[in-house]
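**Student:** Give me a model of this one.
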Amino acid sequence: MLNALIVDDEAPARSELRYLLEETGRVDTIREALNAREAVESLVKSKEGTDQRIDVIFLDISMPKTSGMQLAEALHKLKNPPAVVFVTAYSEYALEAFNVDAVDYLMKPVETDRLNRALDKVEAIVKPAAASHPAQERIPVEKGGRKVLVPVDQIRYIEAKDDYSCIYTDGDRFLSTISLAKLEQKLTPHGFFRVHRGYIVNLDHVEDVEVISSGILQLGIKGVEEKKIPVSRRRVVPLKRALGL
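**Tutor:** Sure thing, here's the model as predicted:
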């Protein structure tokens, strides 16, 4: 699914294009801007991570102050610009549009079939780029009777409890029906280590290693004051190797 920004100074035009995009079922979020300044503000927010990244801008050409073409020229200079699809009532700018690497050039009023073809072109550009930055691994857990997806980098450690796995984050605990063995297999590539038959730890959150008796180790975890994680004897040597000790 794509995230789109419609930039047009005319509200009816924005509403019509929003309706058509929603009808395609191929766009997740749709934002609107009535001028270049608002468009830049939306782009900056998405880049800073306070919002979802904008994949495509549907851009009118004829706007007061900064035109759509001027905005496209500025975007063209960015390292990873969103795809640009011009949506305009003027055909004479088509050649100029492709000089700024516009993905497509739609004439108003926009037809659904033509819009879908433009989305095909956008997806052909956006999806390979997204594939090179795979989505972060998340673990499905139970919380308050509902399913929650916890990003793996938020997990401090995991403890086996009866038929469940207790997943601890900074200040919260979740239950998972996934066995510790399966979680170990899933999380080892992400920097997790099975230190004991009952524990998996995120090595990035190991704060200290303490020798308690006869070479037995226990681990302190960042943000977890009241808990020490035991390390089984057979896991001591590979754990030290993993921690660079």
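**Student:** The helix or strand where residue 173 lies packs against which elements?
**Tutor:** Residue 173 is located in strand 172-176, with elements delineated by DSSP states H and E. Strand 172-176 sits against strand 138-143, strand 164-169, with contacts defined as 3 or more Cβ pairs under 8 Å, 6 or more residues apart in numbering; DSSP states H and E. Quick note: C-beta positions are derived from backbone N, CA and C, even for glycine.
**Student:** where's the nearest residue to residue 173 once chain neighbours are set aside relative to residue 175, distance?
**Tutor:** Leaving out its chain neighbours, the residue that sits closest to residue 173 by Cβ to Cβ, 6 or more residues apart in numbering is residue 166, at 5.8 Å. For residue 166, the distance to residue 175 equals 6 Å [Cβ to Cβ, to the nearest Å].
**Student:** how far out from the middle of the chain is the host helix or strand of residue 94?
**Tutor:** Counting by DSSP H and E, the element that carries residue 94 is helix 94-99. Centroid separation for helix 94-99 versus its chain: 32 Å, with Cα atoms, centre = their mean, to the nearest Å.
**Student:** where does this structure have low pLDDT?
**Tutor:** 47-51, 128-136 (pLDDT under 70).
**Student:** Can you give me the buried ones in the longest helix that it contains?
**Tutor:** Ranked by residue count under DSSP state H, the longest helix found in the chain is helix 112-131. For helix 112-131, the neighbour count (16 or more other Cβ atoms under 10 Å) marks 115, 118-119, 122-123, 126 as buried.
**Student:** list the helices and strands it packs on?
**Tutor:** Using 3+ Cβ pairs under 8 Å, 6+ apart as the contact test, the elements touching helix 112-131 are strand 2-7, helix 11-24, strand 83-88, strand 104-107.
**Student:** Tell me which of those sits most buried.
**Tutor:** Stretch with highest mean neighbour count among those: strand 83-88 (a mean of 24; mean count of other Cβ atoms under 10 Å).
**Student:** Help me confirm that residue 69 comes into contact with residue 63.
**Tutor:** No - applying Cβ atoms under 8 Å, one finds residue 69 not in contact with residue 63, separated by 9.5 Å.
**Student:** nearest to residue 170, of the helices and strands packed on helix 112-131?
**Tutor:** Proximity to residue 170 (Cβ to Cβ) singles out strand 2-7 among the helices and strands packed on helix 112-131, at 28.6 Å.
**Student:** Strand 83-88 and that closest one, what's the angle between them?
**Tutor:** Strand 2-7 runs at 40 degrees relative to strand 83-88, counting by axes from the mean of the first three to the mean of the last three Cα atoms, to 10 degrees.
**Student:** Could you list the domains of this structure?
**Tutor:** The chain is divided into the following domains under automatic domain parsing: 2-131, 138-243.
**Student:** and the buried residues of helix 112-131 as JSON lines, adding distance to residue 91?
**Tutor:** JSON lines is the format used below for the buried residues of helix 112-131 (distance: Cβ to Cβ, whole Å):
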{"residue": "115", "distance to residue 91": "17"}
{"residue": "118", "distance to residue 91": "16"}
{"residue": "119", "distance to residue 91": "21"}
{"residue": "122", "distance to residue 91": "21"}
{"residue": "123", "distance to residue 91": "25"}
{"residue": "126", "distance to residue 91": "26"}
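**Student:** any idea how far residue 56 lies from residue 222?
**Tutor:** Residue 56 sits 40 Å away from residue 222, going by Cβ to Cβ.
**Student:** Which neighbouring elements make contact with the helix or strand following the strand holding residue 173?
**Tutor:** Downstream of strand 172-176, the next assigned helix or strand under DSSP H and E is helix 180-187. If you count contacts as 3+ Cβ pairs under 8 Å, 6+ apart, helix 180-187 packs onto strand 138-143, strand 155-161, strand 192-196, strand 199-202.
**Student:** any idea which residue of this protein is furthest from its center?
**Tutor:** Using Cα atoms, centre = their mean, the residue of the chain lying farthest from its centre is residue 214. It sits 45.9 Å away.
**Student:** Alright, that wraps it up for me.
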